[in-house]
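K.L.:
Predicted model, plus sequence, below.
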Amino acid sequence: MNLILIGYRATGKTTVARLLAERLGWEWHDVDPEIEREAGKPIDRIFAEDGEPHFRDIESRVLARLCDGEHRIVACGGGTPLRPQNQEVIRKTGKTVWLTATPETIHRRMTQDPLSAQRRPNLTNVGGLQEVIDLLEKRSPVYRKLADWIVDTENRTPEEITEEILEHFRPFVER
């Protein structure tokens, strides 16, 4: 079994994946850096030069590879769960945790992290807080459908979030 973290950007997926892996002694992977490694360029350049469909194709290959195994923590990109083939991989290979936050918190976290703004392009022409609101409205039903557990990250430390996930999934991860 694997633990797969889903949710919008800036909800703590990468940080929590690393902490979970440390606590469980499992390997952890972040889909976005693996996409960049496979493409040989950063995400913003993939979008600009090759387009979103090409990015999503790479993302699907990377997800399938990272989930092919046991005892892995996989931090998905925010849009990873949108493709039906990715949903199937996620469902079949592990338990899924949806990390949530309000649109305002997500936007604040994104703007406070210069690397996030630099590496990740706007996904619509709107940008900013309105983009977060619009995309969460579109993505939340997919996240909800896939989630075995939902964790609100508002005003919580990554350690608190990690502990909640471990408590909930202890029967599955201690086998």
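P.N.:
Nice, I can see it. Residues are numbered from 1 along each chain as shown.
K.L.:
hey, let's count contacts and neighbours off CA atoms from now on
P.N.:
Fine.
K.L.:
How about residues contacting the helix or strand harbouring Val74?
P.N.:
Assigned by DSSP states H and E, Val74 belongs to strand 72-75. Residues external to strand 72-75 that are found in contact with it (CA atoms under 8 Å, 6 or more residues apart in numbering): 1-6, 13-14, 17-18, 20-21, 26-31, 66-67.
K.L.:
contacts for the following helix or strand past that strand?
P.N.:
Beyond strand 72-75 on the C-terminal side, the first helix or strand identified by DSSP H and E is helix 84-93. By CA under 8 Å, 6+ apart, the list of residues contacting helix 84-93 from outside reads 1-2, 4, 60, 63-64, 67-68, 80-81, 96, 146.
K.L.:
Let's see which of the residues you listed end up in helices.
P.N.:
Counting by DSSP state H, the contacts of helix 84-93 place 60, 63-64, 146 in helices.
K.L.:
pLDDT of the strand or helix carrying Gln130, averaged?
P.N.:
Secondary structure assignment for Gln130, by DSSP H and E: helix 128-146. Summarised as a single mean, pLDDT over helix 128-146 is 96.
K.L.:
likewise stretch 51-65?
P.N.:
For stretch 51-65, the per-residue pLDDT averages 97.
K.L.:
where's Glu174 relative to His71, distance?
P.N.:
10 Å (CA to CA, to the nearest Å).
K.L.:
Could you check which of those two has the larger neighbour count?
P.N.:
Between Glu174 and His71, counted using other CA atoms under 10 Å, the more crowded position is His71 (17 against 8).
K.L.:
Surely that one touches Met1?
P.N.:
Yes: His71 is in contact with Met1 according to CA atoms under 8 Å; the separation is 5.7 Å.
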